[in-house]
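Peer 1: Pasting a predicted model and its sequence here:
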Amino acid sequence: MALKQLKAFLQKMQDEPSLKEKVLNSSTADDVAQIALSLGYEFSGDELLRFSGKKVGRVTVQKNDVPGEYN
């Protein structure tokens, strides 16, 4: 179910420039998940990270490695 929600959110994001901008300015995958939740889409930041490299419509999910981040 979360995968379906994630894909639906990405579809919405490609059609709404203001939403895309908000997502691109987010610091973490959890922040993106919170934005999505406020719009009624339910998935976790971890699920978003596992979707990295995949494409939905014109949106490709890409994990950004932050310098100084501990793994």
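Peer 2: Received, thanks.

Peer 1: Can you give me the neighbour number for V32?
Peer 2: Per other Cβ atoms under 10 Å, the neighbour tally for V32 reads 22. Any C-beta I mention is one placed from the backbone N, CA and C, and that applies to glycine too.

Peer 1: And it, which helix or strand is it part of?
Peer 2: helix 29-38 (DSSP states H and E).

Peer 1: if you average pLDDT over the next helix or strand after that helix, what comes out?
Peer 2: Next helix or strand after helix 29-38 toward the C-terminus (DSSP H and E): helix 45-50. Mean pLDDT, helix 45-50: 90.

Peer 1: 863 is where my numbering starts, stick with that
Peer 2: All set: I'll call the first residue 863, so the last point we hit is now helix 907-912.

Peer 1: follow-up on the earlier one: what packs against the helix holding V894?
Peer 2: Contacting helix 891-900 under the criterion 3 or more Cβ pairs under 8 Å, 6 or more residues apart in numbering; DSSP states H and E are the following elements: helix 864-877, helix 879-886, helix 907-912.
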